[in-house]
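In: Return a 3D structure for these sequence lines:
(one chain, ligands or ions: 1)
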Amino acid sequence: MSIRRKLIAGNWKMNGLKADSAELASALAARWNAGPRPDCDLLVCPPFPLIVPVAAALAGTAIAVGAQDCHAKTAGAHTGDVAAPLLADLGCTAVIVGHSERRADHGESDSAVKAKAEAALAAGLIAIVCVGETLEQREAGRTLEVNTSQLRGSLPAGATAANLVIAYEPVWAIGTGRVATPAQAQEVHAVLRAELIALLGAETAAATRILYGGSMKPDNATELLSLPDVDGGLIGGASLKAADFWAIATAG
Ligand SMILES: O=C[C@H](O)COP(=O)(O)O
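Out: Modelled structure (predicted):
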């Protein structure tokens, strides 16, 4: 049995209004209360303004709440940004940093992602650091080099197995329905694990969770989650349906 407890995290992205999130969070709480409960850690990451009501709806369950981004600074003149200490104050336990959509939409570099991850750790949050290659990079045979380089550049100082989660998300698999094959996922996860050994030491690397993200659904989750170096999922589209999210969580 793995020493790593699986983590199934839902990234709701920029979806839903207040009522939709209330319905989704209540449906998850109802499943939690009714049981049977999945044998893994559960996390949902709603849009910023919905963090508080979602946390309230999930109170009394062990379904944690996280955010989708944070700023590298703790406070100041940064219009539109949100600081990690505020996320912690609102009840978040984790924050996603360096998602490929933020790297693409906001030009976030590895060093920016590293600074955000360090802000997350300083605020007592788990940093979920995302890496992943584009289709062009994969077709050019650069997959392993791109992922290891992003990991090296984005890794926060002070990372431990308790405060760091890595998410491998091939960009070409996100929201496309085109999922990585088990062989493709395991190959990258194993290389990321080897890089973590070099960066953090064997003991920490062996205990650090590496999630897969990219069109994970109830019908492919069991296969992906059974791979030796896949320690959970970062779920986009399927996390917006309580039944699908629950099916993935119970598949592992
Ligand atoms: O953060 C989640 C990922 O980008 C995966 O999204 P997806 O499950 O909709 O492909």
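In: C-alpha only now, for contacts and for neighbours.
Out: Noted.
In: okay, now Asp81: neighbour count?
Out: Applying other CA atoms under 10 Å, we find 15 residues neighbouring Asp81.
In: my bad, Gly201
Out: Gly201 has 12 nearby residues by other CA under 10 Å.
In: Could you do the one 3 residues further on as well?
Out: For Thr204, the number of neighbouring residues by other CA under 10 Å comes to 18.
In: okay but it is in contact with Ala161, surely?
Out: Yes - counting by CA atoms under 8 Å, Thr204 does reach Ala161; the two are 5.4 Å apart.
In: can you list residues touching both of those two?
Out: Between them, Thr204 and Ala161 share no contacting residue under CA atoms under 8 Å, 6 or more residues apart in numbering.
In: residues near Leu17, how many?
Out: Leu17: 11 neighbours (other CA under 10 Å).
In: quick one: it and the ligand, what's the gap?
Out: Noted for Leu17: a distance of 18 Å to the ligand, by CA to the nearest ligand atom, to the nearest Å.
In: hey, C-alpha coordinates of the longest helix seen in the chain in CSV?
Out: Assignment by DSSP state H gives helix 182-200 as the longest helix of the chain. The C-alpha coordinates for helix 182-200 follow below in CSV (Å, rounded to 0.1, in the frame of the first residue of the first chain):
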residue,chain,number,x,y,z
PRO,A,182,-1.9,5.3,-18.6
ALA,A,183,1.5,4.8,-20.1
GLN,A,184,1.9,8.5,-20.9
ALA,A,185,0.7,9.6,-17.4
GLN,A,186,2.9,7.1,-15.6
GLU,A,187,6.0,8.0,-17.6
VAL,A,188,5.7,11.7,-16.7
HIS,A,189,4.7,11.0,-13.1
ALA,A,190,7.8,8.7,-12.6
VAL,A,191,10.1,11.3,-14.1
LEU,A,192,8.6,14.0,-11.8
ARG,A,193,9.1,11.7,-8.8
ALA,A,194,12.7,11.2,-9.8
GLU,A,195,13.2,14.9,-10.1
LEU,A,196,11.6,15.4,-6.7
ILE,A,197,14.2,12.9,-5.3
ALA,A,198,16.9,15.1,-6.7
LEU,A,199,15.4,18.3,-5.4
LEU,A,200,13.9,17.2,-2.0
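In: Do I have it right that Ala120 meets Ala84?
Out: Yes - in this structure Ala120 lies within contact range of Ala84 using CA under 8 Å: 5.5 Å.
In: Need the residues touching each of those two.
Out: 70, 72.
In: in the longest helix of the chain, what's buried?
Out: Across helix 182-200, burial judged by 16 or more other CA atoms under 10 Å covers 185-186, 188-189, 191-196, 200.
In: hmm, back to that, show me which of Ala120 and Ala84 is the more surrounded one.
Out: Ala120 (33 against 30).
In: Would you mind giving the secondary structure of the more buried one?
Out: Here Ala120 is recorded as helix under DSSP: H, G, I helix; E, B strand; the rest coil.
In: Let me know how buried Thr74 is, in neighbour terms.
Out: For Thr74, using other CA under 10 Å, the count is 15.
In: same question, Met216
Out: For Met216, the neighbour count with other CA under 10 Å is 29.
In: Likewise for the one 10 residues further on?
Out: Other residues near Ser226 come to 15 when the count uses other CA under 10 Å.
In: how close does it get to Ala183?
Out: As defined by CA to CA, to the nearest Å, Ser226 lies at a distance of 12 Å from Ala183.
In: And the strands in the stretch 1-150 of the chain?
Out: Secondary structure of the stretch 1-150 of the chain (DSSP state E, counting those that start in this stretch): strands located at 7-11, 41-45, 63-67, 94-97, 126-131.
In: the inter-axis angle of the longest one versus helix 182-200?
Out: Just to be clear, that refers to strand 126-131. Between strand 126-131 and helix 182-200, the angle comes out at 120 degrees (axes from the mean of the first three to the mean of the last three CA atoms, to 10 degrees).
In: Check which helices and strands strand 126-131 sits against.
Out: strand 94-97, helix 110-122, helix 143-154, strand 164-168 (3 or more CA pairs under 8 Å, 6 or more residues apart in numbering; DSSP states H and E).
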